[in-house]
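>>> Structure here, sequence nowhere to be found:
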């Protein structure tokens, strides 16, 4: 009688289930759905519409083209996250919108950081001429009657209303108007007279 050697104990072979695919097959499905060819075809087919979308958000063609190309590059590098091939265009569109927003934010920040232009400075001659005019005005003001001078200073230099001037000086509104008009007439004569 022949001797039969005992069979070594082995684990039963594992049969892959139909409901839960293995990790390798899931990666293969994901990679198959977002191939470079599929992304490139989608990009080529919808380039003009993506450019139009960027143009609605940005103002110059060069920036729009840059944004659309950058969107392709970013989706290409993250294509493993696009599990359904039909969502590739949606990813491209969303990336165009996000990149356009970022470009606008950079522009706004750049405008805020630009140095403000210096105000125009008066030349030395203009400064001297302004000083002479101020001196002549002060001299002419000193030549006015006291009430005329007070009314003009409060009305035009202190920027008070006629009613406020009347209340401050304790005179009537009509008196403020009369002193003001006489004072201005006297100033004109004094300023036009040769020094």
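Perfect, thanks for sending it. Computed from a predicted model, the values in this text were never measured in an experiment.
>>> okay, CA-based contacts and neighbour counts for the rest of this
Noted.
>>> And the helices in this protein, which stretches?
In the chain, the segments counted as helices under DSSP state H are 23-33, 36-57, 61-77, 88-113, 124-142, 146-152, 162-169, 173-192.
>>> Go through those helices and pick out the most buried.
helix 146-152 (a mean of 19; mean count of other Cα atoms under 10 Å).
>>> Counting by contacts, list what it packs against.
Packing partners of helix 146-152 (3 or more Cα pairs under 8 Å, 6 or more residues apart in numbering; DSSP states H and E): helix 173-192.
>>> Next, the angle helix 124-142 makes with the helix it packs on.
130 degrees (axes from the mean of the first three to the mean of the last three Cα atoms, to 10 degrees).
>>> Give me the residues contacting helix 173-192.
With Cα atoms under 8 Å, 6 or more residues apart in numbering as the contact definition, helix 173-192 has outside contacts at 136-137, 140-141, 144-145, 147-149, 151-152, 162-163, 165-166.
>>> One more pass at 7 Å, please.
Residues outside helix 173-192 that contact it (Cα atoms under 7 Å, 6 or more residues apart in numbering) are 136-137, 140-141, 144, 147-149, 151-152, 162-163, 166.
>>> The residues you listed into a markdown table, with extra columns for pLDDT and distance to residue 189?
Shown next, in a markdown table, are these (pLDDT from 0 to 100; distance: Cα to Cα, whole Å):
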| residue | pLDDT | distance to residue 189 |
| --- | --- | --- |
| 136 | 84 | 12 |
| 137 | 83 | 11 |
| 140 | 86 | 9 |
| 141 | 86 | 11 |
| 144 | 89 | 11 |
| 147 | 91 | 18 |
| 148 | 91 | 14 |
| 149 | 89 | 15 |
| 151 | 91 | 18 |
| 152 | 89 | 15 |
| 162 | 92 | 23 |
| 163 | 92 | 27 |
| 166 | 92 | 25 |
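>>> hmm, which two among the residues you listed are most spread apart?
Put simply, by Cα to Cα the two of the contacts of helix 173-192 set farthest apart are 136 and 163, 28.8 Å from each other.
>>> Against residue 61, how distant is the residue sitting nearest the centre point of the chain?
Computing the C-alpha centroid of the chain and ranking residues by Cα atoms, centre = their mean puts residue 108 first, at 2.9 Å. Using Cα to Cα, to the nearest Å, residue 108 is found at 18 Å from residue 61.
>>> Lowest average pLDDT across the helices of the chain?
Mean pLDDT per stretch puts helix 23-33 lowest among these, at a mean of 43.
>>> ok now do the nearest residue to residue 65 once chain neighbours are set aside, which residues does it touch?
Nearest non-adjacent residue to residue 65, counting by Cα to Cα, 6 or more residues apart in numbering: residue 51, 6.5 Å away. Counting by Cα under 7 Å, 6+ apart, residue 51 touches 64, 65, 68.
>>> Please consider this matter closed, and thank you.
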